[in-house]
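> structure, please.
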Amino acid sequence: MRGRMSTSLGMQSIRAAVVCIASLGLGACSTEEAPTKTTNKNIILDPLIVSDKTLSAGNGSSSDVTGVALTSYKETIYPILLQRCANCHASAVAPLFAANDATKSYDSISKGQKFDANDLPKSRLVVRLKDDRHNCWGNCEENAQTMLAAITSFVEKSGVGAVNVDGLPVKSTGLKLTDSRFANLANPNANGAWKFESEAGLLDDPMQPGSNRLAVGRKFVQQTLLPVGVTDAQMQAAATHSPPTTDDAAAVAARERAARIGRVKFPFEVRQAGNHFIQGRISAPLATANSFFVRITAVGAAPGAVTQWNIPVNVANQPPFRWVPLNNNATPPAPLAFNLAAGRYELEVIARGRGTQLDAVVIAPSATVDATTLQDSPVDVRSLVYDLSSTIPGVTFLARVEDHSAQSFKISRPYLATTTHTVWIRQVVPLINGKSSPQSAMFNLVDVAIPPPGRLLSEGAMVVLKGEGGTVNDQISFGFGALERLNVPAAP
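Numbers count the residues shown, from 1 in each chain. The predicted structure is shown next:
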């Protein structure tokens, strides 16, 4: 048993949820069944606990790892960033890797792949000083060496380094990009309503999670940076229309404006055709921060029409977050109906300016459904789905893999589903044709005990290089530093 699991911790209750994985021709696992992992001490079963490391509330971002990794980061890289980069990268200029909150800084560094675990001197934090001469605070060569020494110390202390593929005890078999599918994660609400916590959605920068003790789970999402030089009309145009693909100056400018607009997406399914209505738990702190754009698009269809969602400004001495319907523009206003056929859709909430805060959103066949009575729905995206039941019965691993560019794939939304057992999973390593890709350390710090029905492992995303098979024929698999059952003692 690992020494880190020996700390005596009390039992916590687990919020119930229902997740089912359909039989969809899953990729098989190539290892024998792993031995049961036993513990002599109680362990916390709350899915926001990593071994003996307590996590922040949420769905499991790289910032959830708040034990050895974050402590090492605070002692090595973070002090340099805080002292030398905070004038710009604390709050004004993205990426915000010099934020006053060390966890947010660490999350930004991890998501932005600012250090290369396989080749430390090529880390972006080093190259920007040594080669780009970017805002050096003295001699750029010496500054780069200082940063490299800090990164090296972080790697040594945290244990994050180059992956030994042969040493990974569990590996899935390979799947091709064309094997991706919906996993059919079950909606727990029988009335056809879907309810999503905002931070569980698919976030596009600069839409980012924020923290407020009055938000459910203390988290919400908002556009974090003002789109400098973008007018309201240009914002609406960029949100409403797909940017042109030509290379003329106007098209390039339009694409740049669109890239400055954050959005959050929620996949859902309509089982019975008919009118559907939207409501959100929202805080509108200012008259200039009181609206979103909304779009519903059928999977595989052209983008749907965009509707502006105007939210009443918060009232003094009243709670900031409250449930607000998406209304039409009639007088008096009435809930706006979306007539949807049966099928799969994507609900997209798009920033209009910055500062409007989305805590949760509901889409339902009734305009009068009580959102407070609904259970949270899982976010199901088209993923590669790997059957790991030969290692642990009832365990499935999912990851969203996209054709990112001619040279790379983008991997995000790693999710472990388990029907029966509490599972310990550590170090998730993407493999292209059986090989680990450089800069593929995003999920190396996953180290979590997961009870049924499962959970998202990270909100981060990584870009990995394609192999010799390219988009069509590359075999995409995953290795795991640990994948074991936990024997959990009954609560006293």
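
> show me which helix runs longest in the chain.
helix 140-158 (DSSP state H).

> buried ones in it?
Going by neighbour count (16 or more other CB atoms under 10 Å), the buried part of helix 140-158 is Cys140, Asn143, Ala144, Thr146, Met147, Leu148, Ala150, Ile151, Thr152, Phe154, Val155, Ser158. All C-beta atoms are positioned from the backbone trio N, CA, C, and that covers glycine.

> so what's the gap between it and the chain middle?
28 Å (CA atoms, centre = their mean, to the nearest Å).

> just the CA coordinates of that helix, formatted as CSV?
What follows is helix 140-158, C-alpha atoms only, in CSV (Å, rounded to 0.1, in the frame of the first residue of the first chain):
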residue,chain,number,x,y,z
CYS,A,140,18.4,37.2,-20.3
GLU,A,141,20.7,34.2,-20.4
GLU,A,142,21.1,34.3,-16.6
ASN,A,143,17.3,34.8,-16.1
ALA,A,144,16.6,31.8,-18.4
GLN,A,145,19.0,29.6,-16.3
THR,A,146,17.2,30.8,-13.1
MET,A,147,13.9,29.7,-14.6
LEU,A,148,15.3,26.4,-15.8
ALA,A,149,16.7,25.7,-12.4
ALA,A,150,13.3,26.4,-10.8
ILE,A,151,11.5,24.1,-13.3
THR,A,152,14.1,21.3,-12.8
SER,A,153,13.6,21.6,-9.0
PHE,A,154,9.8,21.4,-9.5
VAL,A,155,10.1,18.3,-11.6
GLU,A,156,12.4,16.6,-9.0
LYS,A,157,10.2,17.5,-6.1
SER,A,158,6.8,16.7,-7.7
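
> give me phi/psi at the residue of the chain positioned farthest from its centre?
Distance from the C-alpha centroid of the chain, by CA atoms, centre = their mean, peaks at Thr331 (39.5 Å). When quoted as degrees, to the nearest 10, the phi and psi of Thr331 stand at phi -120, psi 110.

> check Ala102 too.
phi -60, psi -30.

> residues in contact with it?
With contact set as CB atoms under 8 Å, 6 or more residues apart in numbering, Ala102 has these partners: Leu70, Tyr73, Lys74, Tyr78.

> which helix or strand contains the third one?
Read it as Lys74. helix 68-75 (DSSP states H and E).

> could you chop this structure up by domain?
3-56+163-181+381-486, 70-158, 194-373 (automatic domain parsing).

> so, low pLDDT: which residues of the stretch 101-250 of the chain?
In the predicted model, the stretch 101-250 of the chain carries pLDDT under 70 at residues 107, 110-113, 115-118, 159-163, 184-186, 225-248, 250.

> where do the strands of it begin and end?
With strands called from DSSP state E, counting those that start in this stretch, the stretch 101-250 of the chain shows them at 170-171, 194-197, 202-204, 207-211, 219-223.

> could I get the contacts of Ala102 as a markdown table with neighbour count, pLDDT and distance to Glu468?
Shown next, in a markdown table, are the contacts of Ala102 (neighbours: other CB atoms under 10 Å; pLDDT from 0 to 100; distance: CB to CB, whole Å):
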| residue | neighbour count | pLDDT | distance to Glu468 |
| --- | --- | --- | --- |
| Leu70 | 22 | 75 | 37 |
| Tyr73 | 24 | 86 | 36 |
| Lys74 | 16 | 90 | 41 |
| Tyr78 | 21 | 93 | 39 |
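
> reformat the buried residues of helix 140-158 as TSV; add distance to Thr173.
Below are the buried residues of helix 140-158 laid out as TSV (distance: CB to CB, whole Å):
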residue	distance to Thr173
Cys140	47
Asn143	46
Ala144	42
Thr146	44
Met147	40
Leu148	38
Ala150	39
Ile151	34
Thr152	35
Phe154	34
Val155	30
Ser158	30
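
> can you tell me which of the residues you listed lies closest to Asn87?
Nearest to Asn87, judged by CB to CB, of these is Asn143 at 15.5 Å.

> host element of Ala367?
Counting by DSSP H and E, Ala367 is found in no helix or strand.

> count of neighbours near it?
Ala367: 17 surrounding residues under other CB atoms under 10 Å.

> which pLDDT value belongs to it?
Looking at Ala367, its pLDDT reads 94.
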